[in-house]
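J.: sequence below, structure please.
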Amino acid sequence: MTPAQISLVETSFAMVAPLATPAAAAFYERLFELDPALRPLFRNADLVVQGRKLMQAIGFVATNLRVPDQLLPAVIALGERHGTYGVQPAHYDTVATALLDVLQDGLGAAFTPELREAWAAAYALLAETMIAAAGSSASA
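T.: Numbers count the residues shown, from 1 in each chain. Next up is the predicted model:
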């Protein structure tokens, strides 16, 4: 990610944070709309609690992109946990689509092509790290 992209993610997350609860609900609604087969992965989850965790994780990523030594160990641990839940590499693409759709809906005109690209880059970093961590923990 470029420094400009990091700045865009940081500043735009400040606009998203006050909308955390409805944004998280919209995210899961969109996720299950895109791939209903993902719903069973959340059968034992309270989606309100899960939504809070999602927004906390996104906030952590958005505020720590400049500090990879702090960010990456947490993302690796998250990836390892998601691997144990049955999350598959292909699911990350669906999550990306749902996330970008919800950001676009929530931010409206402020969600410029540059901002979309910045969030896509941040998510790609997150997803690639989590997929690698899940794969390495599965083979360990």
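
J.: drop to CA atoms for contacts and neighbour counts, all remaining ones
T.: Fine.

J.: what segments of the chain are strands?
T.: Applying DSSP state E to the chain gives no strands.

J.: in the chain, where is pLDDT below threshold?
T.: 137-140 (pLDDT under 70).

J.: make it 50
T.: Within the chain, the segments meeting pLDDT under 50 span 140.

J.: now the longest helix along it: buried residues?
T.: What stands out as the longest helix in the chain, according to DSSP state H, is helix 113-139. Buried residues in helix 113-139, counted by 16 or more other Cα atoms under 10 Å: 115-135, 137.

J.: could you do stretch 96-116 as well?
T.: 96-104, 106-107, 111, 115-116.

J.: the residues you listed in helices, which ones?
T.: Those of the buried residues of stretch 96-116 lying in helices (DSSP H): 96-104, 106-107, 115-116.

J.: now render the residues you listed as JSON lines, adding distance to Pro22.
T.: As requested, those are exported to JSON lines (distance: Cα to Cα, whole Å):
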{"residue": "Ala96", "distance to Pro22": "18"}
{"residue": "Thr97", "distance to Pro22": "17"}
{"residue": "Ala98", "distance to Pro22": "14"}
{"residue": "Leu99", "distance to Pro22": "13"}
{"residue": "Leu100", "distance to Pro22": "15"}
{"residue": "Asp101", "distance to Pro22": "14"}
{"residue": "Val102", "distance to Pro22": "10"}
{"residue": "Leu103", "distance to Pro22": "11"}
{"residue": "Gln104", "distance to Pro22": "14"}
{"residue": "Gly106", "distance to Pro22": "9"}
{"residue": "Leu107", "distance to Pro22": "13"}
{"residue": "Leu115", "distance to Pro22": "20"}
{"residue": "Arg116", "distance to Pro22": "20"}
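
J.: quick revisit: for the buried residues of stretch 96-116, give me a markdown table that also has distance to Ala17.
T.: Below are these laid out as a markdown table (distance: Cα to Cα, whole Å):
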| residue | distance to Ala17 |
| --- | --- |
| Ala96 | 18 |
| Thr97 | 19 |
| Ala98 | 17 |
| Leu99 | 14 |
| Leu100 | 15 |
| Asp101 | 16 |
| Val102 | 13 |
| Leu103 | 11 |
| Gln104 | 14 |
| Gly106 | 11 |
| Leu107 | 11 |
| Phe111 | 15 |
| Leu115 | 16 |
| Arg116 | 17 |
